[in-house]
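In: Dropping a prediction and its sequence here:
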Amino acid sequence: MRKDKLMGLIAVCLTLLTTLNACAQDHKKNQNRLNMMENVVKSTVLLNNAQNFIPIVGLADKRFASIDLGYKHQIGFDSLLNKYAPVTTMSAAKYADSTTLNDLEDDVKFYHTLIIALDDDMAKNGKYINFIVDIAKSKNVVVALFGNGSALSSLDMVDAPLIWSAQNNEEAAMIAPQVIFGGIAAEHLLTKGYSAKYLKGMGYTTTVTRLKYTVPEDAGVNSDDLSEIETIVNEGIAKKASPGMVVLVAKDGKVIYNKAFGYHTYDNLMPDKVTDIFDLASVTKVTATTPSVMRLVEQQKLKLDTNVGYYIAKARRTPMNGTMVRDVMLHQAGFIPYIPFHNYVKEGDYARDSSAAYPTKVADNYYIKKGFFTDFMWPKMLNSPIKTKGSYVYSDISMYVMQDIVEHISEMPEDQYVQRNFYLPLGMQTAGYLPRNRFSKDRIVPTEDDKVFRKTLLEGYVHDQGAALKGGVAGHAGLFGSANDLAIYNQMLLNKGTYGGEQYFTPQTVDMFTSRQSNVSRRGLGFDRWDPDTTKKYPSELASPQTFGHTGYTGIGVWADPSRNMIYIILTNRVHPTVSEMLGRLNIRPRIQDVINKAIDKSKK
């Protein structure tokens, strides 16, 4: 019985956890896992790819469905597909007694690309093969075949891209999706012929274009050297630094660690998952507003050495008029750090129900009156005193200003602009503003139980009060997302602006914004960076001088280190149920970062 339970636990871990390394961070076990994965890759061949459809590009223009015909490793297969793009699973079970799958064809009419997994026995089913041949006439189809190569002869009629693995196991089911989306390169050819169509020596090769999901040993890192991460996280949870945390590490374009700890709240009712969505707080600055600025600068629509008043008419008769955009991005424009707008809200400014007079949702059962931002908040910021011009003073007002500039130039709200230009094409599925409009509450980790301002538990509404009063879409805060989304975005930056076969920025733009650009601070343009004052040990004691990223008030840390080709992401809700300073007192974020740094440095020796 105990053995059965253990085998069941391993199976669940393999299929439901969304990284290949989450079951055990143990060097010997993971080395064996890596050997198994490498054997699968060696026996995997890409066929019928004359049109170079694999690896898939252009995610923003496609809608994906995975057709579940009963493949026994479908759950693991689909979990990896969904690391790269939103892929809807469509079950054919209800058509099991039908002689055809014509009705299934009708069910998938709104999808652009269908991905179908078969094993060698399923390939003998004429109903399945006829469905694939018929649907491929009107849709893009990708077939993943697992098992004996003799089954290839059943697919002679199929011209769609075909990934064949000689192995039919959970590992193979998790490798094939990564070949499809470019996380793993197709490098091998058929070693023998299987039919008149599939001859010895046939096959197509591809290159890696997206993140790979694997074990630490795949990047030369010993899993045992990362075990202290769990110790530090559990210490933080035990001492109420945060009820739960998610940690992700990527090295050399490979996600080698992605694990969730603790729970959404101290009720311990809902465990944290690696797919959970967190309030990213000020990480919004570098993941939404800054890339928007980067794009507009590249397009020569925005010039950093032009004054704010040139772009914002309302600023022309304010102290802000002559301020240079570059100084705004560097936090040395002289703006005051922030204005506590929620303290100005009085009776009559808000209502518990929405109406034409109270249209802006701030939280559940809280709506602010029409014009509160445009008539009160925005003029107050524009007319705020310029006190420390030329000095580094971190200010949220800077990114309110940059958001307004971005929206004036792009003629589009920032939330729509970043979705269209970055998140959708990159395959970032959860990243965005206003997550309650797109996801159920149980996917979103709650933040503060706000007893004073909104008088409710904040579930999917931005913690930052100013961003909330603006309606949840602000340049400095309001973005939500998962660790995987942040890994994708930061890998694009480490790749010098390319990801998934598409270019988002030139290498020169990435270098300019992420490198130190100030004579008076450590900052890049928008990005925070390693502090040359080594007594500060920021962002951690062993962080390299190339390190860039940002932190967030809710307990977020996102750092990329080009010298180690590494990404480190930690997501927490340290403001639940109320704001706690314990995360900082225990140095949770920098301590974990240095465990990772040490492990990577050790691997190079």
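Out: Ah, there it is.

In: Every contact and neighbour count from this point should use C-alpha atoms.
Out: Fine.

In: what about the strands in the stretch 151-300 of the chain?
Out: Ranges of strands within the stretch 151-300 of the chain are 162-165, 212-213, 244-251, 254-262, 278-279, based on DSSP state E, counting those that start in this stretch.

In: my guess is Thr572 meets Gly244, correct?
Out: Yes. Here Thr572 reaches Gly244: they are 6.2 Å apart, a contact under C-alpha atoms under 8 Å.

In: could you point out where the chain is predicted with low confidence?
Out: Within the chain, the ranges that satisfy pLDDT under 70 run 1-25.

In: Nearest residue to the middle of it?
Out: In the chain, the centroid-proximal residue (C-alpha atoms, centre = their mean) is Asp485; its distance is 0.2 Å.

In: ok, the residue nearest to that residue when sequence neighbours are not counted - how many residues close by?
Out: Leaving aside its chain neighbours, Asp485 sits nearest to Met428 (4.8 Å; criterion: C-alpha to C-alpha, 6 or more residues apart in numbering). Counted with other C-alpha atoms under 10 Å, residues neighbouring Met428 total 24.

In: And Met428, how far from Ala474?
Out: Going from Met428 to Ala474 by C-alpha to C-alpha, to the nearest Å gives 19 Å.

In: what about the residue nearest to the centre of the chain, helix or strand, and which?
Out: Taking DSSP states H and E as the definition, one finds Asp485 inside helix 483-494.

In: What helices and strands are in contact with that helix?
Out: strand 244-251, strand 498-499, strand 556-561, strand 566-572 (3 or more C-alpha pairs under 8 Å, 6 or more residues apart in numbering; DSSP states H and E).

In: Would you reformat those strands as a markdown table and include mean neighbour count and distance to Thr447?
Out: Listed next are the helices and strands packed on helix 483-494 as a markdown table, based on neighbours: other C-alpha atoms under 10 Å; distance: least, C-alpha to C-alpha, whole Å:
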| stretch | mean neighbour count | distance to Thr447 |
| --- | --- | --- |
| strand 244-251 | 26 | 11 |
| strand 498-499 | 22 | 32 |
| strand 556-561 | 24 | 12 |
| strand 566-572 | 27 | 9 |
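
In: Distance to Pro413 added to the ones you listed, as TSV?
Out: Below are the helices and strands packed on helix 483-494 laid out as TSV (distance: least, C-alpha to C-alpha, whole Å):
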stretch	distance to Pro413
strand 244-251	30
strand 498-499	24
strand 556-561	25
strand 566-572	26
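
In: before we move on, back to that, double-check the residue nearest to the centre of the chain against Gly432; I have them as touching.
Out: No. Using C-alpha under 8 Å, Asp485 is not in contact with Gly432; the gap is 10.0 Å.

In: if we can go back for a sec, if I pick the residue nearest to Asp485, what's in contact with it?
Out: Listed by C-alpha atoms under 8 Å, 6 or more residues apart in numbering, the contact partners of Met428 are 84-85, 484-486, 488-489.

In: same thing with Leu59?
Out: 85, 424-427.

In: burial of the nearest residue to Gln74 once chain neighbours are set aside, as a residue count?
Out: Using C-alpha to C-alpha, 6+ apart and skipping residues adjacent in sequence, the residue nearest Gln74 is Asp68, 6.8 Å away. Applying other C-alpha under 10 Å, we find 20 residues neighbouring Asp68.

In: which residues does Asp68 contact?
Out: Asp68 neighbours (C-alpha under 8 Å, 6+ apart): 74, 89-93, 116-117.

In: Of those residues, just the buried ones, ChimeraX syntax please.
Out: A single ChimeraX command is used to select the members of the contacts of Asp68 judged buried by 16 or more other C-alpha atoms under 10 Å:
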select :74,89,116,117
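
In: Closest one of the contacts of Asp68 to Val286?
Out: Nearest to Val286 among the contacts of Asp68, counting by C-alpha to C-alpha, is Thr89 at 33.2 Å.

In: hey, what's the closest one bridged with?
Out: Bridge pairing for Thr89 (DSSP bridges) gives the partners Ser66.

In: what secondary structure does Asp404 sit in?
Out: At Asp404 the chain is in helix, as set by DSSP: H, G, I helix; E, B strand; the rest coil.

In: Which residue is the nearest non-sequential neighbour of it?
Out: Nearest one to Asp404, counting by C-alpha to C-alpha, 6+ apart, is Ile312 at 7.4 Å.

In: The one you found contacts Val406, correct?
Out: No. Ile312 is beyond contact range of Val406, at 10.1 Å (criterion: C-alpha under 8 Å).

In: Of those two, which one has the most company?
Out: A direct count of neighbours by other C-alpha under 10 Å for Ile312 and Val406 places Val406 higher, at 24 against 18.

In: quick one: that one from Thr287, how far?
Out: Counting by C-alpha to C-alpha, the gap from Val406 to Thr287 is 14 Å.

In: Repeat that for Thr113.
Out: To Thr287, Thr113 is 29 Å away according to C-alpha to C-alpha.

In: Which one's more surrounded, these two?
Out: Set Thr113 next to Thr287 and count neighbours by other C-alpha under 10 Å: Thr287 wins out with 26 against 20.

In: could you list every residue that touches the more buried one?
Out: Per C-alpha under 8 Å, 6+ apart, neighbours of Thr287: Tyr489.

In: so how far is Ala487 from it?
Out: 11 Å.
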